[in-house]
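A.B. asks: predicted coordinates and the sequence they were generated for:
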Number of protein chains: 6
Amino acid sequence: MQIIDVHGHISAPLALYAYQAQLIASKGFHGKGRPACSDEEVVDAAKPHVELLRKLSVDTQFISPRPFAMMHSQKPERIVHWYTEHVNDMIHKQVTAYPDVFVGVAGLPQSAGVSPANAVAELERCVTELGFVGCVLNPDPGEGDYASPPLGDEWWYPLYEKMVELDVPALIHTAACANPRESYSNHFITEESIAILSLVESRVFTDFPGLKLIVAHGGGSIPYQIGRWRAQRLQKNAERFDDSLRRLYFDTVLYSPEALELLLKVAGPDRCLFATEAPGIGSGYDPEVGRTLDDLKPVVEGIGWLTAEQREAVFQGNARTVFSRWKAAL
Amino acid sequence: MQIIDVHGHISAPLALYAYQAQLIASKGFHGKGRPACSDEEVVDAAKPHVELLRKLSVDTQFISPRPFAMMHSQKPERIVHWYTEHVNDMIHKQVTAYPDVFVGVAGLPQSAGVSPANAVAELERCVTELGFVGCVLNPDPGEGDYASPPLGDEWWYPLYEKMVELDVPALIHTAACANPRESYSNHFITEESIAILSLVESRVFTDFPGLKLIVAHGGGSIPYQIGRWRAQRLQKNAERFDDSLRRLYFDTVLYSPEALELLLKVAGPDRCLFATEAPGIGSGYDPEVGRTLDDLKPVVEGIGWLTAEQREAVFQGNARTVFSRWKAAL
Amino acid sequence: MQIIDVHGHISAPLALYAYQAQLIASKGFHGKGRPACSDEEVVDAAKPHVELLRKLSVDTQFISPRPFAMMHSQKPERIVHWYTEHVNDMIHKQVTAYPDVFVGVAGLPQSAGVSPANAVAELERCVTELGFVGCVLNPDPGEGDYASPPLGDEWWYPLYEKMVELDVPALIHTAACANPRESYSNHFITEESIAILSLVESRVFTDFPGLKLIVAHGGGSIPYQIGRWRAQRLQKNAERFDDSLRRLYFDTVLYSPEALELLLKVAGPDRCLFATEAPGIGSGYDPEVGRTLDDLKPVVEGIGWLTAEQREAVFQGNARTVFSRWKAAL
Amino acid sequence: MQIIDVHGHISAPLALYAYQAQLIASKGFHGKGRPACSDEEVVDAAKPHVELLRKLSVDTQFISPRPFAMMHSQKPERIVHWYTEHVNDMIHKQVTAYPDVFVGVAGLPQSAGVSPANAVAELERCVTELGFVGCVLNPDPGEGDYASPPLGDEWWYPLYEKMVELDVPALIHTAACANPRESYSNHFITEESIAILSLVESRVFTDFPGLKLIVAHGGGSIPYQIGRWRAQRLQKNAERFDDSLRRLYFDTVLYSPEALELLLKVAGPDRCLFATEAPGIGSGYDPEVGRTLDDLKPVVEGIGWLTAEQREAVFQGNARTVFSRWKAAL
Amino acid sequence: MQIIDVHGHISAPLALYAYQAQLIASKGFHGKGRPACSDEEVVDAAKPHVELLRKLSVDTQFISPRPFAMMHSQKPERIVHWYTEHVNDMIHKQVTAYPDVFVGVAGLPQSAGVSPANAVAELERCVTELGFVGCVLNPDPGEGDYASPPLGDEWWYPLYEKMVELDVPALIHTAACANPRESYSNHFITEESIAILSLVESRVFTDFPGLKLIVAHGGGSIPYQIGRWRAQRLQKNAERFDDSLRRLYFDTVLYSPEALELLLKVAGPDRCLFATEAPGIGSGYDPEVGRTLDDLKPVVEGIGWLTAEQREAVFQGNARTVFSRWKAAL
Amino acid sequence: MQIIDVHGHISAPLALYAYQAQLIASKGFHGKGRPACSDEEVVDAAKPHVELLRKLSVDTQFISPRPFAMMHSQKPERIVHWYTEHVNDMIHKQVTAYPDVFVGVAGLPQSAGVSPANAVAELERCVTELGFVGCVLNPDPGEGDYASPPLGDEWWYPLYEKMVELDVPALIHTAACANPRESYSNHFITEESIAILSLVESRVFTDFPGLKLIVAHGGGSIPYQIGRWRAQRLQKNAERFDDSLRRLYFDTVLYSPEALELLLKVAGPDRCLFATEAPGIGSGYDPEVGRTLDDLKPVVEGIGWLTAEQREAVFQGNARTVFSRWKAAL
């Protein structure tokens, strides 16, 4: 059985971020330019990452740009565009260098206050030219300005339409957070919850039956707070909340066994995709557990009530279904 | 054993909310005035509430104003003040009428952009004159304007100081939410999570060792997402997150058994206080379960791994510890 | 002779305002819902109102929603819409119950920053389905934000067009006022004055010759300050101000005899419609006068220089002319 | 009997306004500078004004800067200051040239968002050095930004304090109006009404028993709408509104006989000061009346119910009482 | 040889600016009106101006409205329009009175936030009806609000289109400056620099090959700082900056010989048009030099390396080329 | 003779800017941290820089942080502080490694809207602990928000006071520019001009006679536009502008010979300090000239009218005078 990790982010050379800093400082005055590194350095930057995946028994990881660095709220828009193109190109170089280990997932040049239609061309380029199989979708391109329409709004339809046309899923995952009341890390959770609640109340899946959306980090707070949403639907005599929720997919980036088990129970094993987001926040070593928290394969294996088929679905089957374009490529 | 429910809200007569609507429409032009109802009507309004508690086997419930109606972001400030005083007085009337069933928990006249010091006098009035034993604390008086300092900030110290002086805990619980991206109901969860993360990174418990804070709704997303916060602390070589978290208390207002069990595991039974928030969002009847979702006593009883002592602590012991002023009153 | 009072507002059960408070607090999260009262309670709520009218010798009163509670500046727009529909329905119930006493005048779901076209459907519903004969028009849906175009602006034309098509007049009457420099009550006066000055300088009556507008509360400040507006027209050699003014109608809701007499002189008895707005601000008993200030029938009767025809026109004739749809219904 | 007109504004040479335009355009870059005119031209500019007063049988007029040109909302503050000083100096020159005809009333260098304390020095200069006997007070230095505290607020106390100390009254009179919903001319009326309502509800006259305030233009809308304010007080069982109102003074700048009569009835002849504001908006000739509208002496004389004493008080006695400093100077 | 000065501004009677002050104070309430002066006064106001030009040996000067008084940021827009029309009419009167001395250059009714298309009709009127040969273009109608698109933006195309159609050049010259960090005088320099940099990086001259733009005051900072812009182009391997710069024209309003010489070297004598902006800031007498600083004819003559042809081009030839419409009129 | 270049910026390893990008993305969530590079890499990063200086015949260069990357407008303030400390430390490492070539000039942790007093401690640290001899002062920490008081304002006094106390000069040099109408590169010029004009009109040099300020890039536009500022002073009969200007110092970072010569004439050789800002914008090779534009030594040497003493002062003497702390250290 192949262990597929659907949620990873590129380990890029420092030159990428130095390039980004220059874009932000210059506001693009020097033109698009390029990160100051060779292709070899790009490939080398992935080495520790590849080794770590091996250690975690991950066979293949789907990598996208590091979200908290996507700079979607930076202006002018063109610096976001340039950065996104470069980071997608770097992903492509690493995927080309490690074809068995990495699969490309596109970052999108989203920009605060700009229609998602503006990101469609780069998605298309990544999928049709670079062979990427999905994308990361930031439901809050304002990065904490609370001004974007939520994901159930028609504002997002140009992007959904292209995703369906290209048959690629999106991983819902915010970027930075400018409001100092929240860290970007908790903002992930906040926005994933808002995204789910907006989607399940919307017409999105009626209008786009083929749309595939994976909510990162185990679905924010929703699986844990599911009781309150079930109750609300009962009071309204509407569709049961669990049925609505199961139109979405979830990754397993939850670094506690209890939470992971709750997710699998609530969402169902057929809706959960194995993921570690390693290397990342979970890479700290826990002496009490004797491993890093993102070492999730044994955690899934330790959930006794999963059948072999369910476990296989979580580890690889669901990923193949959702990232159908990738399966086709095999 | 007495079943104590630490999280309930007043079932007030319609006249209270008609009064509130008039304050909002008139901006206080007609003066403070009063809700158009007799004391008898206030007491009568509690009858179905009392019956429901009996049905849920709750012996005693701590009631505060209904949070989503606290109108903390309405201006001018004086209409918030007047409303809060009236609703606290109504609670007092119901507590007086049903002394075995109800215990008073104060609403605070918090106001967007106004120092929490402004709420101290009403807290003192409720505790010393009306015999209330705690208060509800809204970490976001702007009701979705994202402008208030988070709970770890010294801005909140005048209130903490008075709470410690009076020896009363606060239930952290937001009110309404003006930002249309979120419902007030999910905003509860969002803000509880932000509150916890701010508090555990702050000096608040160092500066106020006697401060007692209960996070409503099972702690927002934090117990479920605990892995990411544990990991972050491991990477920083800081105090283990679980140890920090256990400076707080949590109620059991989670309407799914899986979530409740996760909370008890993560926070520990000595940090969890039984609560139903009934009547409320959980009061819908679930035909699949055969009861309403806020019927939580059998859920707690069904958690096999809790010892008798632990179960007793959850049902009543912890409440007596935290609401020490109430215990003293017996 | 029938005494017709063209300016009254519904005496609704508290449940209506409790419903409104819930909409404001929840921002519509719970859906449209309905006020928690039976049809009987709606009808009962009108009883003291009907008795008061009898005491004031008013035979028939045209009732609309209570303006200061119209909540036009509350967001999201849908809660204004829902509230307006419910209050219009309640008016319909009271009109049905007291067909000789009450006539329905529609509240409009106006919303700050939203085109008046958005209110057209509800106007049509009220007139064609509920049998209403006029509407209340708020020239400041922002409720003190000073941002709406004044009534002479083409922005209002979609509404004027429908009014003419349906042959119904509007009573110009603001709602609440958010700016703390002014009470809503004085804001009525301020905005009525602005409305008149905008209309008399505009092309509105050229573009809509059939448009009928009644300015509430005796026309704000204009009849009293008429000298300055006459003078300005004289300096510009333009149409005499009095002639312009007489394209509008005025109600007699002025609670001092001197003011009422001034209005009748300045605007002419053929342009004034008897009204009391009772029960309302005028309902306070004045021991010096020996009656309530809104007891205006004797005041009108006490104006010696009015001919019998003029008095009849004020008491009923003008109302029948302006509310032509109502006359037709007899 | 001397006819004293307490409300007039300087007829300045064009150079004053050309100077003002240059200040506004340059934002003060060229320094204070001075209007490009000789003292002789300043005095000459008053000639038609003096003749007009004679024609209107006005013996003495109290002149201040033309209010709508006070530019209180222009920034930077120093250009307002410079302009105010120059226009006060010009008034002084005209008063010196026509000592029997003119008396000086100071313009104040008020500035949007700046404490009234900033205007105290210029008031003192005008009174103690130039011999002025009163000042004009703009309750809305933001000129239509609705942001200044109303006159009942303690924000204004530094100015009130100095007025009492110097024993000079203020004429309440706004300047321009930036909000296009209103003309500056109607804004006078709006703000005079707001000023009265704020003052009668405030502690101002308790805190400054010696304060003397004259509301321009017959008190805005208040005397006409007095019924609604009487009623409100009756409902609150508070001091009768008429008693509160009579702490203020009013001028007679109402260009219709009916309005003037209403004012005298409502406020009482002992509270009204004769004034024409001529030359000004009222100077247009009305062929139907056969004189200009600001020819108010015959209008006052035509009010039959005034006793000789009352008429004398209106024409001169009240002015001597209120402008006590002037009387002293005789 | 005729000395042509392409950059002069009208010496208007004070009445023009008094009129402007009244527009600003009244916000246009009194209608368009007109400056209070006779045609004779308009013509008389030019006399000292004409004498000064003779003293400076200027034969013909192209006069436009005084820029710092153009009031482009004043609202409502109509007062800008009215003022601009009147000042253009005054220019026409002076040109008619002194046909050998003056040539008309139109002021444009530009308005902050309003499309330049709004100024096209007045440009056309001035050129086709009044015989004007160019216009003054303010690149910052917001007068220091930093909100207008720079001159390279398509926002400006409607105006460029009309300029090309009418075959008239524009003198780039800002008006006032509201931001107190800068005087309007330095703001000229700031904005001229921004204008040049925007234009040379834009498609404007590709899209409008016939467009003729003269940058006032010797081109702001650009000729002095040219090294940094040359360097930037060298680093980008783009067209040499000097070649781009030479698509523009420059006037000689630089009151130091060193600067003037630098301009002529950097931009080339074929791109420089003689100008003094007299009377203006340069009219102060310098005792060390023994003349006023705007006495620039001897300065140009003193530049030894200019050939006779080049000198002639600067003094008159270039002006005839650029203001081709004027040449045609001879 | 030693060639001293007073205006250079650190050539830092990419890791510094990657670190900066991470701070901006994370808003400081991960704490201060450090750039991911060894001391050796820091020193290595300077090698090409050192070689370039040798090629340009620069013996010693004063290096500060690269201004356009100072991120002064980024929030929260602490990330600016952390970045500034690290970049100053890196400068110290390079100075230590190349003690003959480099001298340290401190970057200041300025922050939009925060008092300059906040930067005093880091200045003191750099001077007293790291041996730095000056600082770079950004007159626009808002980076194009136009909101900071100009340099003549007392707001800046806490910093001036410390500079005088430590006897260190500041190089006036802006950072980035957020307003898209301007590039950061032209914003340097704009703000240097504003800085000079504010300082020469202020009391700064009266209040701080010992203050030493060097204006970068040859003084913005001022030396070129000096005629207009001379003229203005002549008109005001104030101190001659040249005398005021000569209280400041200027560097020679002007990449055209004509401009450099103009600067030396206008400001005087005793007020100009040799500088190249190499490597930087001037480093592009100009095939027509046969060298890079920042190769300024031959340009200075080519100015024939400079005496040997003057040339020596420009190349080294003035620098020793102004950076007196450095001279002392020799």
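C.D. replies: Sure thing, it's come through. Numbers count the residues shown, from 1 in each chain, chains lettered A, B, ... in the order given.
A.B. asks: could you pull out the helices in the stretch 101-250 of chain A for me?
C.D. replies: All helices of the stretch 101-250 of chain A, identified by DSSP state H, counting those that start in this stretch, fall at A:120-124, A:157-166, A:184-200, A:204-207, A:226-236, A:241-245.
A.B. asks: now, of those, which is deepest in the fold?
C.D. replies: helix A:184-200 (a mean of 25; mean count of other CB atoms under 10 Å in any protein chain shown). Where C-beta positions appear, they are placed from N, C-alpha and C, glycine not excepted.
A.B. asks: I'd guessed A:Pro169 sits against A:Val322; true?
C.D. replies: Yes. With contact defined as CB atoms under 8 Å, A:Pro169 counts as touching A:Val322 (5.0 Å).
A.B. asks: list the contacts for A:Ala278?
C.D. replies: Applying CB atoms under 8 Å, 6 or more residues apart in numbering or on different chains, we find A:Ala278 in contact with A:5, A:8, A:52-53, A:56, A:58, A:61, A:292, A:294.
A.B. asks: let's see it at 10 Å
C.D. replies: A:5, A:7-9, A:49, A:52-53, A:55-56, A:58, A:61, A:253, A:292-296 (CB atoms under 10 Å, 6 or more residues apart in numbering or on different chains).
A.B. asks: filter those down to the ones near chain D?
C.D. replies: With CB under 10 Å from any CB of the partner chain as the criterion, the contacts of A:Ala278 include none near chain D.
A.B. asks: now, which of the residues you listed lie within helices?
C.D. replies: A:49, A:52-53, A:55 (DSSP state H).
A.B. asks: between those residues, which is closest to E:Met1?
C.D. replies: A:His49 (76.9 Å; CB to CB).
A.B. asks: and that closest one, how many neighbours?
C.D. replies: For A:His49, the neighbour count with other CB atoms under 10 Å in any protein chain shown is 22.
A.B. asks: these two touch, right, it and A:His9?
C.D. replies: Yes. Between A:His49 and A:His9 there is a contact under CB atoms under 10 Å: 9.3 Å.
A.B. asks: overlap of the contact sets of these two?
C.D. replies: Joint contacts of A:His49 and A:His9 (CB under 10 Å, 6+ apart) are A:61, A:63, A:278-279.
A.B. asks: now the longest helix anywhere in chain A: buried residues?
C.D. replies: The longest helix of chain A (DSSP H) is helix A:77-97. Across helix A:77-97, burial judged by 16 or more other CB atoms under 10 Å in any protein chain shown covers A:77, A:79-95, A:97.
A.B. asks: okay, now A:Glu51: neighbour count?
C.D. replies: 10.
A.B. asks: distance check, it against chain B.
C.D. replies: Separation of A:Glu51 from chain B (CB to the nearest CB, to the nearest Å) stands at 19 Å.
A.B. asks: contacting residues for that residue?
C.D. replies: No residues are in contact with A:Glu51 under the rule CB under 10 Å, 6+ apart.
A.B. asks: so who does the closest residue to A:Tyr83 other than its chain neighbours touch?
C.D. replies: Spatial nearest neighbour of A:Tyr83, excluding adjacent residues (CB to CB, 6 or more residues apart in numbering or on different chains): A:Gln20 at 5.5 Å. With contacts defined as CB under 10 Å, 6+ apart, the neighbours of A:Gln20 are A:12, A:35, A:69-71, A:74, A:79-80, A:82-83, A:86-87, F:17-18, F:20-22, F:24-25.
A.B. asks: now do A:His92
C.D. replies: A:His92 sits in contact with A:42, A:102, A:104, A:106, A:126, A:129-132, where contact means CB under 10 Å, 6+ apart.
A.B. asks: ok, now how distant is the closest residue to A:Tyr184 other than its chain neighbours from A:Val133?
C.D. replies: Spatially, and ignoring its direct neighbours in sequence, A:Tyr184 is nearest to A:Cys177 (4.3 Å; CB to CB, 6+ apart). For A:Cys177, the distance to A:Val133 (CB to CB, to the nearest Å) stands at 28 Å.
A.B. asks: do the same with A:Pro209
C.D. replies: Taking CB to CB, one finds A:Pro209 at 20 Å from A:Val133.
A.B. asks: that older thread, would you list the helices of the stretch 101-250 of chain A in JSON lines and tack on mean pLDDT?
C.D. replies: Shown next, in JSON lines, are the helices of the stretch 101-250 of chain A (pLDDT from 0 to 100):
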{"stretch": "helix A:120-124", "mean pLDDT": "98"}
{"stretch": "helix A:157-166", "mean pLDDT": "98"}
{"stretch": "helix A:184-200", "mean pLDDT": "98"}
{"stretch": "helix A:204-207", "mean pLDDT": "98"}
{"stretch": "helix A:226-236", "mean pLDDT": "95"}
{"stretch": "helix A:241-245", "mean pLDDT": "98"}
